Structure formats: structure tokens, C-alpha cells
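Engineer: here is the input, now give the coordinates:
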Amino acid sequence: MRAIRVTSAALLGATALALTALTAPAARAYEDDSGFWARVLPATVAPGGRVTLHASGCEQSVTVASAVFDTVTIPRGRTTARTTVDRDARSGAVYEVSFYCGTFWQSVDLTIAGGRPAPVRPDHPHKGVHAGGGGSFAGLNLKELGLGAALVTGALGTAYHLSRRRTDEDGA
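Structural biologist: Numbers count the residues shown, from 1 in each chain. I've put the predicted structure just below:
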């Protein structure tokens, strides 16, 4: 029995190792050789809207520049900063956002949508979700409970009867 457990654990470990080796190159394909990567969220924003600038893999402060907002610095040890897009940004235009980390840099496109600026939402909700009572006690039906109890009792009684009958037939 112990051999089965050891073999199962070894196969599980080998499978996990193989999957890690297969998926690691695909995950690395989105980064450059330095490990530095950047993105702007949301990628499409209305004039006057707010965007979050993300930069990771840099050991120093990251400078972010674009024609559509003032230069922003993401301090060392942090990965994000927020900024507001200029209200006079041209609707439908695509602006380049450049992230500088020492000698490394990356460019990300930011598309300007038409209409009013996106509403500013709080980072965390102030209240919990509005949920109902759930299905555990809602619509408690005594007929269904009785029928379920009868089925369970019948199944247990049949199993007991069949197990007793077999031992009697064996002569034990």
C-alpha cells in the first residue's frame, strides 16, 4: 500500500514539474530580457479620465511620459501610479505612453474614447454584497423532507437486510 502512495506522489510531482517547464516559456514571452514590463489600465479612456500606470521588474524609480498627461514617476519599491488624462485629448486618437527604467524602456498605446470622462470609483467597496437568504432554508417543504428521510431509511434497511441474508446463507 505504501508503494502505491509513493508512486502516486512521484507521478504527481513529475507532472507538476513537466507542466511548469512547458508553461514557463509561454509566460516569459510577454516580457523583455530585462524582466521589466509595463501596462496602462484601462487601455481606452475618455478625455479627462483617470488611468493606472503599472510597471514591474525595475529596481529603481520608473519615469512615465506621454503627450496626453504630465510626466509621472513611480517611486522605487512601488509598481503603480495614477494620473489624469488631459481634457483636451483628441477623441479616437492613440497616444504612446513610454515607461523608462534606467536603460530599459517600453511603450504602451493609450486610446482616447469619445464622451465624458469615466466616473471615479472607490478602490474598495464600503459595504458588503446584498445577498439573499440562500437556498438552505428558503422554501422549507415538510413533504420533501419526509420523502427524503423515507428514501434514506429504505436504502439503509435494504442494505442491512441484504448483508444479514448473505451471512446467513454462508453458514456463518
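Engineer: how many neighbouring residues does Ser91 have?
Structural biologist: The tally of other residues near Ser91 (other C-beta atoms under 10 Å) stands at 11. In short, each C-beta sits where N, CA and C put it, glycine included.
Engineer: over to Thr103?
Structural biologist: 6.
Engineer: where do the helices sit along the chain?
Structural biologist: Ranges of helices within the chain are 2-28, 142-170, based on DSSP state H.
Engineer: need the least confident one among those, by mean pLDDT.
Structural biologist: Mean pLDDT is lowest for helix 2-28 among those, at a mean of 43.
Engineer: contacts only, for the closest residue to Thr71 other than its chain neighbours.
Structural biologist: Closest residue to Thr71 apart from its sequence neighbours, by C-beta to C-beta, 6 or more residues apart in numbering: Ala65 at 4.9 Å. Residues in contact with Ala65 (C-beta atoms under 8 Å, 6 or more residues apart in numbering) are Thr71, Val72, Val97, Ser98, Tyr100.
Engineer: now render the residues you listed as TSV, adding distance to Pro42, neighbour count and pLDDT.
Structural biologist: Shown next, in TSV, are those (distance: C-beta to C-beta, whole Å; neighbours: other C-beta atoms under 10 Å; pLDDT from 0 to 100):
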residue	distance to Pro42	neighbour count	pLDDT
Thr71	20	11	93
Val72	16	17	93
Val97	12	23	94
Ser98	18	15	94
Tyr100	22	20	93
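Engineer: tell me the one of these nearest Thr158?
Structural biologist: Val97 (71.1 Å; C-beta to C-beta).
Engineer: tell me the spacing between the closest one and Ala155.
Structural biologist: As judged by C-beta to C-beta, to the nearest Å, Val97 and Ala155 stand 66 Å apart.
Engineer: I'd like the distance between the nearest residue to Ser91 once chain neighbours are set aside and Val45.
Structural biologist: Of all residues not flanking Ser91 in the chain, Gly114 sits nearest, at 4.0 Å (C-beta to C-beta, 6+ apart). Look at Gly114 and Val45: by C-beta to C-beta, they are 11 Å apart.
Engineer: compare the two (neighbour count), which wins?
Structural biologist: Val45 (21 against 9).
Engineer: surely the more buried one touches Val51?
Structural biologist: Yes: at 5.4 Å, Val45 and Val51 qualify as touching, with contact defined as C-beta atoms under 8 Å.
Engineer: which residues do the two both contact?
Structural biologist: Joint contacts of Val45 and Val51 (C-beta under 8 Å, 6+ apart) are Val85, Leu110.
Engineer: the residue nearest to Ser91 contacts Ala93, correct?
Structural biologist: No: counting by C-beta under 8 Å, Gly114 stays clear of Ala93, with 10.5 Å between them.
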